[in-house]
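Colleague: Sharing a model prediction with you, sequence too.
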Amino acid sequence: NAGVTQTPKFQVLKTGQSMTLQCAQDMNHEYMSWYRQDPGMGLRLIHYSVGAGITDQGEVPNGYNVSRSTTEDFPLRLLSAAPSQTSVYFCASSKVGGRGYTFGSGTRLTVV
Amino acid sequence: AQRVTQPEKLLSVFKGAPVELKCNYSYSGSPELFWYVQYSRQRLQLLLRHISRESIKGFTADLNKGETSFHLKKPFAQEEDSAMYYCALSGGNQFYFGTGTSLTVIP
């Protein structure tokens, strides 16, 4: 039981490049979400999903896409990276109506 | 509308002193409240849930519905308590996090 696994742990991108941050969970959690963590801003919700095939926008969705083809995986795509997307990204999952999130270890992304 | 407010960005206390991290919330229904802790460069970990009414690492938190607060308390702070603490609210299909309080325990 690995919990929530995020890859990569670190990434440096050039402005305009695209990439996908991977997130997988093996707890059969329906609910998955992506947050970005910035100094002084706390955690801000980017996108979330309540089940396979269902996604919705959070507080700061612009510049990011998601899909949820399986219960286990919830990748986050940056189509054209910008320096403003430099941040630490956390994936989290829980049971719907559940008892709190389980977080991944984070991806530290730098866009130059 | 902001759902969770943590008024203190930074909090410093001396080792052995009591500590209280404040959290206020606004939500029209019956939310579930949580405290998460993040040690330096690590993932967030669930510290407390208001439903369980448990004490973890000496921390407790009581939900005050009248004041819409869920303050985190510990009677005697330890150096290992230095971390970032987030209050969170679960309502509907979303979690709402506060902006966090960075606690430093001075030896």
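Modeller: Cool, the structure landed.
Colleague: those strands in the chain, which residues are they?
Modeller: This is for chain A. Under the criterion DSSP state E, strands of chain A are mapped to A:4-7, A:10-13, A:19-25, A:31-38, A:42-51, A:54-57, A:64-66, A:76-78, A:87-94, A:102-103, A:107-111.
Colleague: was after chain B, sorry
Modeller: Taking DSSP E as the criterion, chain B carries its strands at B:4-5, B:10-14, B:19-21, B:24-25, B:32-38, B:45-49, B:60-61, B:72-74, B:83-91, B:94-97, B:101-106.
Colleague: got TSV for these, with mean neighbour count and mean pLDDT too?
Modeller: From N, CA and C alone the C-beta is placed, and that goes for glycine too. Formatted as TSV, those follow (neighbours: other Cβ atoms under 10 Å in any protein chain shown; pLDDT from 0 to 100):
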stretch	mean neighbour count	mean pLDDT
strand B:4-5	19	92
strand B:10-14	13	97
strand B:19-21	19	97
strand B:24-25	20	95
strand B:32-38	23	92
strand B:45-49	19	90
strand B:60-61	20	93
strand B:72-74	20	96
strand B:83-91	22	91
strand B:94-97	22	82
strand B:101-106	17	96
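Colleague: CSV for these, including distance to chain A?
Modeller: What follows is those, written out as CSV (distance: least, Cβ to the nearest Cβ, whole Å):
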stretch, distance to chain A
strand B:4-5, 9
strand B:10-14, 10
strand B:19-21, 14
strand B:24-25, 14
strand B:32-38, 5
strand B:45-49, 5
strand B:60-61, 13
strand B:72-74, 15
strand B:83-91, 7
strand B:94-97, 4
strand B:101-106, 10
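Colleague: what's the distance between the residue of chain A found nearest chain B and B:F97?
Modeller: Of all residues in chain A, the one sitting closest to chain B is A:G42 (3.5 Å; Cβ to the nearest Cβ). Distance, A:G42 to B:F97, using Cβ to Cβ, to the nearest Å: 5 Å.
Colleague: what is in contact with the two at once?
Modeller: Counting by Cβ atoms under 8 Å, 6 or more residues apart in numbering or on different chains, the residues touching both A:G42 and B:F97 are B:Y86.
Colleague: Look up which residues are beta-bridged to the one residue sitting closest to the centre of chain A.
Modeller: Central residue of chain A (Cα atoms, centre = their mean): A:W34, 3.0 Å from the mean position. Note on A:W34: beta-bridge partners A:H47, A:C91, judged by DSSP bridges.
Colleague: for A:T5, same thing?
Modeller: Counting by DSSP bridges, A:T5 forms beta bridges with A:A24.
Colleague: thinking it is in contact with A:L21, fair?
Modeller: No: here A:T5 lies out of contact with A:L21, judged by Cβ atoms under 8 Å, at a distance of 11.5 Å.
Colleague: And those two? Which one has more around it.
Modeller: The residue with the greater number of neighbours, taking A:T5 and A:L21 and applying other Cβ atoms under 10 Å in any protein chain shown, is A:L21; the counts read 22 against 15.
Colleague: May I have the beta-bridge partners of the residue lying closest to that one once chain neighbours are set aside?
Modeller: Counting by Cβ to Cβ, 6 or more residues apart in numbering or on different chains, A:L76 is the residue found nearest to A:L21 once chain neighbours are left out, at 4.4 Å. Counting by DSSP bridges, A:L76 forms beta bridges with A:L21, A:V66.
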